[in-house]
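Asks: Would you be able to build a 3D model of this:
(chains A and B)
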Amino acid sequence: MNMLGPIAGITAFFSIWFGHVAVRKVEFLSPTIWLPTTIFAALGLTVEYLSLSTAHRPLSTFFGILGITLLFDALEFTRQQNRVKKGHAPANPNNPRNAKILAEHCSATTFDLLKREPIGHVISTDESIHLISNL
Amino acid sequence: MNYFGLLVGITTLFIIGLGFPLVIHGERIFGFLWWPYMMISGIVLIVFSLLIRIDWFSVLIGVLGATFVWGSTELKEQAVRTELGWYPFNPNKLRPPFEKIIKKWKAPHL
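Replies: The predicted structure is shown next:
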């Protein structure tokens, strides 16, 4: 039995899940992008240092994957902000940075257009908002 | 210095990167209702990685399995993206076996 594969797989799954949720929530709430980006980049580098420092292969694998996903999450804050500008992710009107995006980008919206079940055909943004509002 | 974890992390990044086109094209061709098959494939890969003696290969298969499991949870949202016109919509998708049963289950999204 080689536990390294499952350790890598489970670490990858949960670190992607954590990053996916954290990036969306932090971008929604944080008035700045640079601060969470810096924090995640610093955490990622620290965790990668831990991975390099340990001779224990399973622990090195765990830290190695977690560190890289944290570094990728650092980049994802900017990508998430761009999704908000395009209306592909909801803007938070109570967040001054998001409120500015709402004022400057007509495509930005406060609705989460992905928060519904698929219906099997193409619909407009307005129809989608109508569907979400009726949930 | 033990470079194993760092190299595993970088490899993981590339394998997860493969997950994006996998979800986009998989949803376009098959549709989101194939999610249980994708999830089971991922779990089988992770379990199979237990049996691989070579560390590197075991890790690759484990991470590939995780990418499949994660991808299965992304299919539903990708289907909604195509309905909004953010990605090309294919009306003639391949129907999965046991479609009626799968439709009764709520597709996962994390």
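
Asks: C-alpha only now, for contacts and for neighbours.
Replies: Will do.

Asks: thinking residue B:75 is in contact with residue B:29, fair?
Replies: No: counting by CA atoms under 8 Å, residue B:75 sits too far from residue B:29 to count as a contact (11.5 Å).

Asks: Pick out whichever of these two has more residues nearby.
Replies: With neighbours defined as other CA atoms under 10 Å in any protein chain shown, residue B:75 and residue B:29 compare such that residue B:75 has more, 27 against 16.

Asks: What separation do you get for that one and residue A:117?
Replies: Residue B:75 is 11 Å from residue A:117, where distance means CA to CA, to the nearest Å.

Asks: do the same with residue B:91
Replies: The value you get for residue B:91 to residue A:117, if CA to CA is used, is 16 Å.

Asks: For residue 75, which non-adjacent residue is spatially closest?
Replies: I'll assume chain A. residue A:37 (6.8 Å; CA to CA, 6 or more residues apart in numbering or on different chains).

Asks: my bad, the chain I had in mind was chain B
Replies: Nearest to residue B:75 is residue B:32, by CA to CA, 6+ apart, at 4.9 Å.

Asks: And residue B:36, by the same measure?
Replies: What sits nearest to residue B:36 in space, not counting adjacent residues and going by CA to CA, 6+ apart, is residue B:72, at 7.1 Å.

Asks: Can you verify my assumption that residue A:92 contacts residue A:30?
Replies: No: between residue A:92 and residue A:30 no contact is recorded; they are 9.8 Å apart, counting by CA under 8 Å.

Asks: Those two: who's more crowded?
Replies: Legend: neighbour count by other CA under 10 Å for residue A:92 and residue A:30, higher for residue A:92 (20 against 16).

Asks: burial of the residue nearest to residue A:75, as a residue count?
Replies: When neighbours are counted by other CA under 10 Å, residue A:37 registers 22.

Asks: Mind telling me which residue is nearest the centre of chain A?
Replies: residue A:23 (3.1 Å; CA atoms, centre = their mean).

Asks: Sticking with that residue, tell me its helix or strand.
Replies: Assigned by DSSP states H and E, residue A:23 belongs to helix A:4-29.

Asks: For the helix or strand that that helix is followed by, buried residues please.
Replies: Proceeding N to C from helix A:4-29, the next assigned helix or strand is helix A:34-53, under DSSP H and E. The neighbour-count check on helix A:34-53 (16 or more other CA atoms under 10 Å in any protein chain shown) flags A:36-37, A:40-45, A:47-52 as buried.

Asks: what sits against residue A:31?
Replies: By CA atoms under 8 Å, 6 or more residues apart in numbering or on different chains, residue A:31 lies in contact with A:95-98.

Asks: Mark which of the residues you listed are part of helices, please.
Replies: Those of the contacts of residue A:31 mapping onto helices are A:96-98, per DSSP state H.

Asks: hmm, which of those residues are the buried ones?
Replies: A:97-98.

Asks: Looking at the ones in helices among the contacts of residue A:31, which is nearest residue A:122?
Replies: residue A:98 (28.0 Å; CA to CA).

Asks: Assess the claim that that closest one and residue A:91 are in contact.
Replies: Yes: in this structure residue A:98 lies within contact range of residue A:91 using CA under 8 Å: 5.5 Å.

Asks: Please identify every residue contacting each of those two.
Replies: Residues touching both residue A:98 and residue A:91 (CA under 8 Å, 6+ apart) are A:28, A:84.

Asks: and the gap between residue A:98 and chain B?
Replies: For residue A:98, the distance to chain B equals 22 Å [CA to the nearest CA, to the nearest Å].
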